[in-house]
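Chemist: Provided below are the primary sequence and the corresponding predicted coordinates.
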Amino acid sequence: MLSLKLAFKNLLGAGLRTWLNVIALSFAFVLIIFYNGMIDGWNRQGSRDTMAWQTGEGQFWHPAYDRYDPYTIEDSHQLISPGIQAEIDKKNLVPELVAQGTAYPQGRSISITLRGIDPDQTVLKIPTADLPNDNDADYAIIGKSMAQSANLNVGDNLLVRWRDKNGTFDARDIKIASIFKCDVPVVDKGQIYLPIHTLQEMLGMGNEATLLVAGKEFQFRELDGWDFKDNQFLLTDMQNIIKSKKVGGSILQALLLIIALIAIFDTQVLSIFRRQKEIGTYIALGLTRAQVVGIFTVEGGAHSILAIILGSVYGIPLLLWLNKAGISMSYAEDLNFDLPLAEAIYPYYSIRLILITVLIVVITATIVSYLPARKISKMKPTEALKGKLQ
Amino acid sequence: MENSSIIKIEKLVKRFPVGKSYFTALNNLSLTADRGEFLGLVGPSGSGKTTLLNIIGSLDTPSEGEVIVLDKSIATLSHKQSSMLRNKHIGFIFQTYNLLPVYTVYENVEFALLLQKLSASERKKKVMDALEWVGLTDKIKSKPSMLSGGECQRVAIARSMVKRPEIVLADEPTANLDSKNSHHILQTMKKLNRELKTTFVFATHDEKVMKYLDRMVSLEDGQIIKDELIKNSKN
């Protein structure tokens, strides 16, 4: 307590030198919280959107299905049992049938994934209600990114080719019923959504599905012949990629923190040389060397407390405003990003993030203050009192 | 303990390394000081006055011989024990005052008490008493930079006296002061010596100080060459 009191007195007494260090450290403090808050916000938004558009409350996969291995798709389909159909009818499960194919927009050929989905589903945000119940044509809906890459508009016909369950190639024109905007690239890029009964008919796989998406109302239980994949599994890769973005940002954060810490270290080294008489006086007045080291360490470490206070003064309103207004990502719309990215990211500042940042700033500032302060323990008080360099 | 020796020095030798050899600052020095003495160590620069003062104050240790202050052998004290001795029983007054620049007069004086477990009200009373002794109660909120040299030294005296130490060690306390301030400071210290029975040990070569001493120990080349009681010192 004594050390803290003395430290703050000395720090505030040092004036501009203290405030320059404090300002630099507060920038690092606010930036670390902001950047990590942005990544965490992105992660939350990405998870939320992926669940809303793709994974629901988890998925039941055909045992052979592997989303990262296209060769498994051909064999990943099975009949929907009456029990599962009852859940589908109650809108608790959404069946999807998946097949690979090729599309030929304006004479080009592009690889596509044909996804048959229940047009009446309400579990996922995919606007399947836009699929007309019209027997005159085969309708499909696609995402904005797919539409741009294939240069397709609503009402356009698109020739698609696929292989049915017997391995026979077949092809037909499908009409684009609507184009939807979606923040989750895997739901959009190269994906064509058709009514599931249409795709079942195209593939010759009547009443079959590749996977089932669970809705919120679904009472979880094992489904015979289906492997359940929870969201922890389904979102892990996406979350890991987003978290990996922290690494790049952490270099910038570390640099800023190091600059601020070097300034504190420099101040401490200078302080110990300039204040030798004061150190000698402390010892003459009865402080032990360890107590004097403590005073100087706490004094350096107290920069971090002032930086946190100062950072809070301008950082809290700024970060709260960013949390409310969001950070526009509209410029990234055309960057062909493979991660879920909404028009704006809303940073999320968790208590854990704030506490960890506070600890990092306080501990690192205290360590860089302690290193030069250790020299005091080797000082001779008689020389220190004379102010002689030792 | 009344009127007994509180400083006993036997065959003290202090050597400092100078390159590959040693410089002997104090050479086989023996001295005793009783409680309440107003004693001066006088002599030219390099005679060993400050070194002797530092050893008595346990800021330094003897190379040989024995120094016993308040029944404690300086050579055997740990860092912590010597800190405690200084904190509770010894006050220092320096030539350059050594006030802490960011603290006010009040805080500088209070600092000496912060390590002692006293309540805020007890500390305040002691600080105000000490400032009253030196006549600075009107300057409690001033910082050292706002004070004259004489006032700074009076603050240093108050700081050294606030914990009512048995011994005050003053190293050239008047060297930076003019004649008027020097006399004022010395009168203050003499008064405290008389009223509180505090032992004062000066290191000085200032003749103004010598006039106030009750006992003058002359040093030369680290040895005592004269030790005399002065009967008609100034009060």
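Modeler: That came in fine, so what should we check first?
Chemist: could you give the average pLDDT over the helix or strand containing residue A:22?
Modeler: Residue A:22 belongs to helix A:16-50 when assigned by DSSP states H and E. What helix A:16-50 shows for mean pLDDT is 88.
Chemist: which other helices and strands contact it?
Modeler: In terms of contacts (3 or more Cβ pairs under 8 Å, 6 or more residues apart in numbering or on different chains; DSSP states H and E), helix A:16-50 is packed against helix A:231-274, helix A:289-325, strand A:344-345, helix A:351-373. From N, CA and C alone the C-beta is placed, and that goes for glycine too.
Chemist: which one of the ones you listed lies nearest to chain B?
Modeler: helix A:289-325 (6.1 Å; Cβ to the nearest Cβ).
Chemist: just checking, what packs against the next helix or strand after the closest one?
Modeler: The first helix or strand that comes after helix A:289-325 along the chain, using DSSP H and E, is strand A:327-328. For strand A:327-328, the packing partners by 3+ Cβ pairs under 8 Å, 6+ apart come out as strand A:344-345.
Chemist: in the lengthiest helix in chain B, what counts as buried?
Modeler: Using DSSP state H, we find that the single longest helix of chain B is helix B:179-196. For helix B:179-196, burial by neighbour count (16 or more other Cβ atoms under 10 Å in any protein chain shown) applies to B:181, B:182, B:183, B:184, B:185, B:186, B:188, B:189, B:190, B:192, B:193.
Chemist: same check, this time on stretch A:180-189
Modeler: A:180, A:182, A:183, A:184, A:185, A:186, A:187, A:188, A:189.
Chemist: got a list of what the last one touches?
Modeler: In this case it means residue A:189. A:143, A:145, A:146, A:149, A:338 (Cβ atoms under 8 Å, 6 or more residues apart in numbering or on different chains).
Chemist: filter those residues down to the buried ones and hand me the ChimeraX line.
Modeler: In ChimeraX, a selection of the buried entries from the contacts of residue A:189 looks like this (16+ other Cβ under 10 Å):
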select /A:143,145,146,149
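Chemist: closest one of the contacts of residue A:189 to chain B?
Modeler: residue A:338 (57.3 Å).
Chemist: where does the chain have low pLDDT?
Modeler: The chain I'm using is chain A. A:1-2, A:135, A:330-338, A:388-390 (pLDDT under 70).
Chemist: you looked at the wrong chain, it should be chain B
Modeler: Across chain B (using pLDDT under 70), the flagged ranges come out as B:1-3, B:232-235.
Chemist: how much space between the residue nearest the centre of it and residue B:28?
Modeler: Geometric centre of chain B, nearest residue: residue B:169, 1.2 Å, by Cα atoms, centre = their mean. As judged by Cβ to Cβ, to the nearest Å, residue B:169 and residue B:28 stand 22 Å apart.
Chemist: want to throw the buried residues of helix B:179-196 into TSV with distance to chain A?
Modeler: Output for the buried residues of helix B:179-196, formatted as TSV (distance: Cβ to the nearest Cβ, whole Å):
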residue	distance to chain A
B:181	21
B:182	21
B:183	26
B:184	23
B:185	19
B:186	21
B:188	20
B:189	17
B:190	23
B:192	18
B:193	20
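Chemist: tell me which two of those sit farthest apart.
Modeler: Pairwise distances across the buried residues of helix B:179-196 (Cβ to Cβ) peak at 18.4 Å, for the pair B:181 and B:193.
Chemist: interface residues of chain B facing chain A?
Modeler: B:54, B:57, B:59-60, B:79-80, B:83-84, B:86-88, B:92, B:94, B:96, B:98, B:100-103, B:107, B:111-112, B:114-115, B:159 (Cβ under 8 Å from any Cβ of the partner chain).
Chemist: among the residues you listed, which are in helices?
Modeler: B:54, B:79-80, B:83-84, B:86-88, B:107, B:111-112, B:114, B:159.
Chemist: quick one: which of those is nearest chain A?
Modeler: So of these, ranked by how close each gets to chain A (Cβ to the nearest Cβ), first place is residue B:87, at 2.4 Å.
Chemist: give the contact list for the closest one.
Modeler: A:285, A:286, A:287, B:112, B:115, B:116, B:163.
Chemist: so how many other residues sit close to the residue of the stretch 151-300 of chain A found nearest chain B?
Modeler: For the stretch 151-300 of chain A, the residue positioned closest to chain B under Cβ to the nearest Cβ is residue A:286, at a distance of 2.4 Å. Close neighbours of residue A:286, defined as other Cβ atoms under 10 Å in any protein chain shown, add up to 25.
Chemist: now it: closest residue in space, sequence neighbours ignored.
Modeler: Leaving aside its chain neighbours, residue A:286 sits nearest to residue B:87 (2.4 Å; criterion: Cβ to Cβ, 6 or more residues apart in numbering or on different chains).
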